[in-house]
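Q: Sharing a model prediction with you, sequence too.
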Amino acid sequence: MTNPTPTDWKQVKLEEVTSKISDGLHSTPKYVDNSEYYFINGNNLVNDRVVININTKCVDENEFLKHKKDIDDSSILLSINGTIGNVAYYKGESVVLGKSAAYLNCNSNIQKEFAFYWLKTAKTKSYFEGELTGSTIRNLSLKSIKNAKILLPPLPEQHRIVAVLETWDKALEALTQKIELKKKIKKGLMQELLTGKRRLKGFGGEWQTLRLGNITKARSERNKNLSIERVLSVTNKNGFVLPADYFSKVVASKDLSNYKIVKKYDFAYNPSRINVGSIARLNKFKEGILSPMYVIFSLNEKVIDSDFFWNWLFTDRTKASIRDASSGSVRESVDYKSFASIKIQIPKLEEQTAIAQILTTADDEITSLEKKKQIVDDQKKFLLNNLITGQIRTPENLTI
């Protein structure tokens, strides 16, 4: 049961609390090779800010002055073509807007930050989704934006709501920075510990150089009797996944008898996508089956520690070796023979295990922070969708 609409809140159209709502250029400006002025579109609005990257085109000063829209400190930018609903504060960037970016200039009846958060609510996004036109490229019209209905509290309550949401945003930002720092530290440890540049106390001796073929064994067992039904895929971000959970359509063949069997703690990779990190170790399931295109291998754990090897795969040096192994291939594919030819330097097993434990501890710290961040993010979304709609009220004496 939802709470009734607060009596001191009023419903208005968005155009009633903005001085102007418009979009960017519908023509192509004159580009230059390099300048401090940029032509941006909706895809430049990322993580609540304007992001300029190497693909962002430049315009000269005259072009900027000629086409500069009426954006100012009251403006919020919104993506309206292709990617829909991304928002960013305008903070004085020297940009010319393209037609896939709109701007909203808030008037004195609405706090800019309140309007910004309102644009991010599930209710607003649902409204925008229902207003889209176009089949190939989706488009949100300015008319739909102007007619969007917003439930507006008095300004003092707007300020209190914004203060609460900004507190959660600051917590999320702090956690994000902490996670990035931990990842940077872990990467530094990997580059030093996994290459022998830094040795752990109590360990000595020369490292042994081997080819991966000396410590791995390819698996080619097929699911001939159809005893295994769990079909898996390997992704570059989430490792082993169930296709039904990850892809929008069934990607497995109807005949699973030729699929390869993968056992727990085996490694597998897509020969055509290993260059982008599409390699994983099966940790979650006891067994599964993979498309015949995958390369599957196990480790000789009498020689190589599995956690040591897993971290070694993602060092800069290893990534370069994998790229080199694919050179000369039309599709930049790395078959098992090429993979097996890659060299690895390893210390004695005891030192490998000690190094792996340090890196696993670093991973555990990162995972813990990411879980905490997810909890805070869920809390923020709950508050966002309930404070902005008046389902949760802020006390008048609230101080943050």
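A: Alright, I've got the coordinates.
Q: Go through the helix or strand bottoming out on mean pLDDT in the chain and flag the buried ones.
A: Using mean pLDDT, DSSP states H and E, helix 243-246 stands out as the lowest-scoring helix or strand of the chain, at a mean of 74. Using 16 or more other C-beta atoms under 10 Å as the test for burial, helix 243-246 gives Pro243. C-betas here are computed from N, CA, C, even on glycine.
Q: May I see the buried residues of the next helix or strand after it?
A: Sequence order places strand 260-263 as the next helix or strand after helix 243-246, per DSSP states H and E. Across strand 260-263, burial judged by 16+ other C-beta under 10 Å covers Lys260, Ile261, Val262.
Q: pretty sure the first one contacts Gly288?
A: Meaning Lys260. No - counting by C-beta atoms under 8 Å, Lys260 stays clear of Gly288, with 9.6 Å between them.
Q: Give me the neighbour count for the residue lying closest to Pro153 once chain neighbours are set aside.
A: Using C-beta to C-beta, 6 or more residues apart in numbering and skipping residues adjacent in sequence, the residue nearest Pro153 is Trp9, 4.8 Å away. Neighbour count for Trp9, taken as other C-beta atoms under 10 Å: 16.
Q: gap between Trp9 and Ser94?
A: Per C-beta to C-beta, to the nearest Å, Trp9 is found 38 Å from Ser94.
Q: before we move on, what about Glu157?
A: Distance, Glu157 to Ser94, using C-beta to C-beta: 36 Å.
Q: neighbour count winner among the two?
A: Legend: neighbour count by other C-beta under 10 Å for Glu157 and Ser94, higher for Glu157 (21 against 14).
Q: The more buried one sits in which helix or strand?
A: Using DSSP H and E, Glu157 sits within helix 155-193.
Q: list the buried ones in the following helix or strand past that helix?
A: Of the helices and strands lying after helix 155-193 in sequence (DSSP H and E), the nearest is strand 208-211. Using 16+ other C-beta under 10 Å as the test for burial, strand 208-211 gives Leu210.
Q: same check, this time on stretch 208-228
A: Within stretch 208-228, the residues that count as buried by 16+ other C-beta under 10 Å are Leu210, Leu212, Ile215, Thr216, Arg219, Asn223, Ile228.
Q: Mind giving me the packing neighbours of the least confident helix or strand of the chain?
A: strand 233-235 (3 or more C-beta pairs under 8 Å, 6 or more residues apart in numbering; DSSP states H and E).
Q: what's the strand it packs on in contact with?
A: 240-243, 246-247, 251, 268-270, 278-280, 290-291, 294 (C-beta atoms under 8 Å, 6 or more residues apart in numbering).
Q: Between those, which sits nearest Leu152?
A: Relative to Leu152, the closest of the contacts of strand 233-235 is Tyr246; by C-beta to C-beta it sits at 40.9 Å.
Q: can you list the weak-confidence ranges in the stretch 201-350 of the chain?
A: Within the stretch 201-350 of the chain, the stretches with pLDDT under 70 are 246-253, 327-331.
Q: And the helices in it?
A: 212-215, 243-246, 306-312, 316-326, 336-340, 349-387 (DSSP state H, counting those that start in this stretch).
Q: which one of these is the most hemmed in?
A: helix 306-312 (a mean of 21; mean count of other C-beta atoms under 10 Å).
Q: Correct me if wrong, but Thr394 is in a helix.
A: No - under DSSP: H, G, I helix; E, B strand; the rest coil, Thr394 sits outside any helix and is assigned coil.
Q: how about it, what does it touch?
A: Glu157, Arg160, Ile161, Val164, Leu387.
Q: What is the most widely separated pair among the residues you listed?
A: Glu157 and Val164 (10.7 Å).
Q: Go ahead and flag the most central residue of the protein.
A: Lys237 (9.3 Å; C-alpha atoms, centre = their mean).
Q: Give me the spatial nearest neighbour of that one, chain neighbours excluded.
A: Using C-beta to C-beta, 6+ apart, the nearest residue to Lys237 is Gly277, at 7.8 Å.
Q: so what secondary structure elements neighbour the helix holding Glu157?
A: helix 112-119, helix 349-387.
Q: For the ones you listed, give me JSON lines that also has distance to Ile145.
A: Shown next, in JSON lines, are those (distance: least, C-beta to C-beta, whole Å):
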{"stretch": "helix 112-119", "distance to Ile145": "9"}
{"stretch": "helix 349-387", "distance to Ile145": "19"}
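Q: about what we covered before: tally up the residues packed near the residue nearest to Lys237, please.
A: Around Gly277 there are 17 residues (other C-beta under 10 Å).
Q: before we move on, what about the one 5 residues further on?
A: Summarising burial for Leu282: neighbours were counted as other C-beta under 10 Å, giving 21.
Q: so Phe297 touches Ala218, yeah?
A: Yes - the pair Phe297 / Ala218 is scored as a contact, 5.1 Å apart, by C-beta under 8 Å.
Q: between these two, what contacts are shared?
A: Tyr336.
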